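Asker: Sequence and predicted structure below; questions after.
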There are 2 protein chains.
Amino acid sequence: MTNVRIFVTYKQSVFDPQGETIKDAIHTLGHDEVTAVKVGKFFDVTIDATGAAVDQAVKEIADQLLVNFNMETYHYQVLEEAE
Amino acid sequence: MTNVRIFVTYKQSVFDPQGETIKDAIHTLGHDEVTAVKVGKFFDVTIDATGAAVDQAVKEIADQLLVNFNMETYHYQVLEEAE
């Protein structure tokens, strides 16, 4: 059993309107020391597998479901792995 | 200058319908080894401050803007800190 966290973010070249809006709202709160905000999603996925099978599953799930590769990119980290 | 990542997630007790839907879609792809999916948001925030001032800013931004404490909770990690 493996727990992975898949992070999906906008590509560097893509404008993040939600992040800009939140930055403006933060400035309205008085926190002018905040200079940039980027928004992303993550997916905590529990997989009944380990090792290479996990890598393969994550790749297929990202490619076929979670990520819009026109605008987004992803990476993932293993949070926990146990036999 | 400090880069922090603020994670916002549903509380354990709150049903995550988006995560359930994604889990069903993953099963449709044939990945029955996936047993749970939870969805969350994260915010990468660049703050022109260090140390305790960052903790204070993150707390206020989360409390007043980013988190619906009825359903959500948050934590954050410092990704990078430099004078």
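Answerer: Great, that's in hand.
Asker: helices or strands up against the longest strand anywhere in chain A?
Answerer: Using DSSP state E to define each element, chain A has its longest strand at strand A:34-47. On a contact count with 3 or more C-beta pairs under 8 Å, 6 or more residues apart in numbering or on different chains; DSSP states H and E, strand A:34-47 meets strand A:2-10, helix A:17-28, helix A:52-61, helix B:17-28, strand B:34-47. All C-beta spots, glycine's among them, are computed from the backbone N, C-alpha and C.
Asker: switch to 6 Å and redo it
Answerer: Where contact means 3 or more C-beta pairs under 6 Å, 6 or more residues apart in numbering or on different chains; DSSP states H and E, strand A:34-47 is packed against strand A:2-10, helix A:17-28, strand B:34-47.
Asker: For burial, what's the neighbour tally of the closest residue to residue A:10 other than its chain neighbours?
Answerer: Among residues not flanking residue A:10 along the chain, residue A:16 sits closest, at 5.1 Å (C-beta to C-beta, 6 or more residues apart in numbering or on different chains). When neighbours are defined as other C-beta atoms under 10 Å in any protein chain shown, residue A:16 has 20 of them.
Asker: Could I get the pLDDT score of residue A:16?
Answerer: Note on residue A:16: pLDDT of 94.
Asker: show me what contacts residue A:58?
Answerer: Applying C-beta atoms under 6 Å, 6 or more residues apart in numbering or on different chains, we find residue A:58 in contact with A:4, A:76.
Asker: how about the residues of chain A near chain B?
Answerer: Neighbours of chain B within chain A, by C-beta under 6 Å from any C-beta of the partner chain: A:25-26, A:29, A:31, A:33-40, A:42-49, A:57, A:61, A:64-65.
Asker: and those residues, which are buried?
Answerer: A:26, A:31, A:33-34, A:37-40, A:42-47, A:49, A:57, A:61 (16 or more other C-beta atoms under 10 Å in any protein chain shown).
Asker: In chain A, which residue sits furthest out from the middle?
Answerer: Most distant from the centre of chain A: residue A:30, at 28.1 Å, with distances by C-alpha atoms, centre = their mean.
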